[in-house]
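> For reference, the sequence and a predicted model appear below.
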Amino acid sequence: AYERDMELFSSRVSIGTIIFDSAPCFPSIQSELKTAEVCLGDRPMMKLVAKSVITVAMGSSLVNQPPIGRAEQFWNTMQELSLSKRQAFVYSEADQVCDHKELKAFVEEKRRRGVSVMESVLVGSGHLEHRQQCPELYTMFLDSVLGAVF
């Protein structure tokens, strides 16, 4: 039964669209530090500890990695991902965690590879806050994605 369920899931994904909301996020020391800062809010001591741990961890992983590190390996895998014929991306220029310039380049690479891509670039919403801060634009984008599928 599990194998059959996975076959059905796979076929539905392949004919549908995968929607990425504020993703994928290019893994870098800056994005990791910004994530910690956003998550920890107004806790300066916790931020200091988190930033220290992240800097040490990311630095040591860079030293101990083969020429292509995990970050690049993740990014390359995401670029080659072909689970669906269509992919949709919604992200914001104001996102403090996910670098919109990296994501824009990612979307352009998908297009270059022949993937059918839909994209909505918002201006004022934060990381994963598009639906709450721009509900009309978010809903219109999802409606257009659904319209393209059906």
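Received it, and whenever you're ready, just let me know what you need. Predicted, not measured: the structure shown is a model, and the values here were computed from it.
> after the helix or strand bottoming out on mean pLDDT in the chain comes which helix or strand?
When each helix and strand of the chain is scored by mean pLDDT, DSSP states H and E, helix 44-64 comes last, with a mean of 66. Later in the chain than helix 44-64, the nearest helix or strand by DSSP states H and E is helix 70-80.
> Can you give the distance of that next one from its chain's centre?
12 Å (CA atoms, centre = their mean, to the nearest Å).
> got the CA positions of that helix in CSV?
This file holds the C-alpha atoms of helix 70-80, laid out as CSV (Å, rounded to 0.1, in the frame of the first residue of the first chain):
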residue,chain,number,x,y,z
ARG,A,70,27.2,21.2,1.8
ALA,A,71,25.8,24.6,1.0
GLU,A,72,26.8,24.4,-2.7
GLN,A,73,25.8,20.8,-2.8
PHE,A,74,22.3,21.7,-1.5
TRP,A,75,22.0,24.6,-3.9
ASN,A,76,23.1,22.5,-6.9
THR,A,77,20.6,19.8,-5.9
MET,A,78,17.8,22.3,-5.7
GLN,A,79,18.7,23.7,-9.1
GLU,A,80,18.5,20.3,-10.6
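> Touching it from outside, list them.
24, 26-28, 61, 68, 106, 109-110, 113 (CB atoms under 8 Å, 6 or more residues apart in numbering). In this view, the C-beta of every residue, glycine as well, is placed from N, C-alpha and C.
> Narrow the residues you listed to those that are buried.
Among these, those classed as buried by 16 or more other CB atoms under 10 Å are 24, 26-27, 106, 110.
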